[in-house]
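Asks: just need the structure, nothing else, for what follows:
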Amino acid sequence: MSRIDAALLGEDMSSHLARLDRGELDCRGLLEQQLAAISASGPVINAYLAVDAGAARRAADESDARRKAGTARVLEGVPVAIKDNIDAAGFVTTAGMATRRDATEAGVDSPAVARLRDAGAVILGKLNMHEAALGADNNNPHFGACHNPHRPGFTPGGSSGGSGAAVAAGLCSAALGTDSMGSVRIPASYCGVVGLKPSWGAISTRDTVALSHRLDHIGPLARSARDLRLLLPVLAGFDPASAQSRAIHFAPVSTGPLRLGVVSFGDTVEFEPGIAEAFEDGLQTLLGLGHQRVDLHAPAFAPGHSRRAGLLVCEAEMLIEHADDWQHKRELFSPLLQKLMAYAERKSASDLVDAVRVLDQAQVQLQQWLAQCDVLVMPTTLQRAFSFDTPTPADQADLTGYANFAGNPALSVPLAVADGELPLGLQLVGDIGAEMQLIALAEAFQQTICWQPSLPQACTNWWPQ
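Replies: Residues are numbered from 1 along each chain as shown. You can find the predicted model right below:
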């Protein structure tokens, strides 16, 4: 294929499905467009670590046959890509780590991937990520940095950076990521796409490389909020083989006005210039839909305190998850990851218990805020994407961590930005099981600002002409 159809690849998954339903497009044709884009983008974006084009073509052909026979399933024929810490049959699960590069291929799908296949999705391949999922810039020392499609040389966020970049650049119709302290929502914010971290346990995390059993979630990234309305019911479901799975009842969507909680963070966080103003513009759009603003008090302690506690919990659990490699292949861990894990190794059991109690306090803080409102609204991140040549901000997860510590659903939806500006996300947080309410609010927001998904202008530099 000599040319990529940018307009097609920029459409959301819902539009792809509608085209397939109307017969304007076949599954194989959509797949070939994305495969061509993946090949062209590789040297610039580096979003994929592995692609099985042959298996994807066979699956797309089977989907075309199902559509022709009138037996199409809900996601029939749309290509979806998977973060490389989630098992997908036939692929090595590297978790972005050199220690796992030559591991045996997964023999079976994780429950989340199996649900996608059962719904008709075509699994494209495995996506780049921050090493071991412990970080948020995706400057991977073993597989190369994944770049932001809006501005190569800048981070796509992390740890699901490949997922955010692939969705933003049209290299799949949707993607799976994992989120332990913001790792779905941060890339969604930096890359200008939509990312959902569901309630803890709603999507089984079995057969993933764990970062923290308490904090880990699997969540989808897509180019529009309406795509999440299709993806979540497919992915969610109780898994009796997983201790981290829960039967979550998704509450119906309220049609009346909502109380939107806005926290006065004061000097507990430091926003990059322009973030607070962009957030206020987005908030005014939501209030213009008839919702009510509820001002909430500042947190009892700075978000950075709980973020540091969460990092210690993750570092300590990694000592268990990667115990054999840590003992025998420590030289294959990057110097930074060695430093982080060695720090946890020096901590005592009481230090770890103290960190868990700090997370409990952060959970209580979120519960107290949500007791006064229906949906909590805040910026997703305190900054936009930054250059790989600059130091990584320590506070990227300060506003996203709360939802992980408490297990509440949270969603990032792109704010309207001026031409040439890097993307920025608006974060919505709700009660356990309020996913559909968050999705509906994000959909209404996107309709009001006339959001039209499209590929970043910078992608024109690598499209085949």
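Asks: where exactly do the strands run in the protein?
Replies: 48-51, 79-83, 122-127, 139-140, 144-145, 174-179, 194-197, 217-222, 259-263, 292-296, 375-379, 410-414, 425-429 (DSSP state E).
Asks: just say which of the ones you listed is most tucked in.
Replies: strand 194-197 (a mean of 33; mean count of other Cβ atoms under 10 Å). Placement of C-beta: from N, CA and C, glycine included.
Asks: what's the spacing between that one and its chain's center?
Replies: 5 Å (Cα atoms, centre = their mean, to the nearest Å).
Asks: for it, give me every contacting residue.
Replies: 160, 164, 177, 179, 182, 184-185, 187-189, 217, 219-225, 227-228, 232, 400, 403-404, 409-414, 425, 435, 438-439, 442 (Cβ atoms under 8 Å, 6 or more residues apart in numbering).
Asks: which regions of the chain lie under the pLDDT threshold?
Replies: Scanning the chain for pLDDT under 70 picks out 1-2, 465.
Asks: dump the helix ranked longest in it to PDB, restricted to CA.
Replies: Counting by DSSP state H, the longest helix found in the chain is helix 349-370. Provided in PDB are the C-alpha atoms of helix 349-370 (Å, rounded to 0.1, in the frame of the first residue of the first chain):
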ATOM      1  CA  ALA A 349       8.100  -4.000  57.100                       C
ATOM      2  CA  SER A 350       6.900  -1.200  59.300                       C
ATOM      3  CA  ASP A 351       7.900   1.300  56.600                       C
ATOM      4  CA  LEU A 352       5.800  -0.500  54.200                       C
ATOM      5  CA  VAL A 353       2.800  -0.700  56.600                       C
ATOM      6  CA  ASP A 354       3.200   3.000  57.100                       C
ATOM      7  CA  ALA A 355       3.100   3.600  53.400                       C
ATOM      8  CA  VAL A 356      -0.100   1.500  53.000                       C
ATOM      9  CA  ARG A 357      -1.700   3.600  55.800                       C
ATOM     10  CA  VAL A 358      -0.900   6.800  53.900                       C
ATOM     11  CA  LEU A 359      -2.700   5.300  50.900                       C
ATOM     12  CA  ASP A 360      -5.700   4.600  53.200                       C
ATOM     13  CA  GLN A 361      -5.700   8.200  54.200                       C
ATOM     14  CA  ALA A 362      -5.700   9.300  50.600                       C
ATOM     15  CA  GLN A 363      -8.600   6.900  50.000                       C
ATOM     16  CA  VAL A 364     -10.500   8.500  52.800                       C
ATOM     17  CA  GLN A 365      -9.800  12.000  51.400                       C
ATOM     18  CA  LEU A 366     -11.300  11.000  48.000                       C
ATOM     19  CA  GLN A 367     -14.300   9.400  49.700                       C
ATOM     20  CA  GLN A 368     -14.900  12.600  51.700                       C
ATOM     21  CA  TRP A 369     -14.800  14.700  48.500                       C
ATOM     22  CA  LEU A 370     -17.100  12.400  46.700                       C
END
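Asks: and it with strand 410-414, angle?
Replies: If you take axes from the mean of the first three to the mean of the last three Cα atoms, to 10 degrees, helix 349-370 sits at 70 degrees to strand 410-414.
Asks: and helix 349-370, what does it pack onto?
Replies: Here helix 349-370 touches strand 259-263, helix 303-321, strand 375-379, helix 401-406, going by 3 or more Cβ pairs under 8 Å, 6 or more residues apart in numbering; DSSP states H and E.
Asks: which residues are contacting the longest one?
Replies: Right, helix 303-321. Counting by Cβ under 8 Å, 6+ apart, 132, 134, 180-181, 209-215, 265, 268-269, 326, 340-341, 343-345, 347, 351-352, 354-356, 358-359, 361-362, 394-395, 397-399, 401-402, 404-405 sit against helix 303-321.
Asks: coming back round to it: kindly reformat the helices and strands packed on helix 349-370 as JSON lines containing distance to residue 451.
Replies: Formatted as JSON lines, these follow (distance: least, Cβ to Cβ, whole Å):
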{"stretch": "strand 259-263", "distance to residue 451": "19"}
{"stretch": "helix 303-321", "distance to residue 451": "28"}
{"stretch": "strand 375-379", "distance to residue 451": "17"}
{"stretch": "helix 401-406", "distance to residue 451": "23"}
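Asks: now do the same contact list for residue 93.
Replies: Taking Cβ under 8 Å, 6+ apart, we find residue 93 in contact with 84, 85, 86, 87, 100, 103, 106, 126, 209.
Asks: can you check residue 139 too?
Replies: 130, 145, 155, 388, 392.
Asks: neighbour-wise, which of those leads?
Replies: The residue in the contacts of residue 139 with the most neighbours, by other Cβ atoms under 10 Å, is residue 155 (31 neighbours).
Asks: counting neighbours, what do you get for the residue nearest to that residue when sequence neighbours are not counted?
Replies: Closest residue to residue 155 in three dimensions, ignoring its sequence neighbours and counting by Cβ to Cβ, 6 or more residues apart in numbering: residue 137, at 4.4 Å. For residue 137, the neighbour count with other Cβ under 10 Å is 25.
Asks: cool, and residue 246?
Replies: As a burial measure, residue 246 scores 17 neighbours (other Cβ under 10 Å).
Asks: and the closest residue in space to it that isn't next to it in sequence, how far is that from residue 60?
Replies: Closest residue in space to residue 246, ignoring its immediate chain neighbours: residue 201 at 3.0 Å, by Cβ to Cβ, 6+ apart. Note on residue 201: its distance to residue 60, by Cβ to Cβ, to the nearest Å, is 32 Å.
Asks: from residue 182, how far out is residue 402?
Replies: Distance from residue 402 to residue 182, by Cβ to Cβ: 10 Å.
Asks: the two: who's more crowded?
Replies: residue 182 (33 against 30).
Asks: and the residue lying closest to that one once chain neighbours are set aside, what does it touch?
Replies: Leaving aside its chain neighbours, residue 182 sits nearest to residue 400 (2.8 Å; criterion: Cβ to Cβ, 6+ apart). By Cβ under 8 Å, 6+ apart, the contact list for residue 400 reads 179, 181, 182, 185, 186, 197, 380, 381, 410, 427.
Asks: repeat the analysis, applying 10 Å as the threshold.
Replies: 136, 179-186, 189, 195, 197, 303, 307, 378-381, 410, 412, 425, 427, 429 (Cβ atoms under 10 Å, 6 or more residues apart in numbering).
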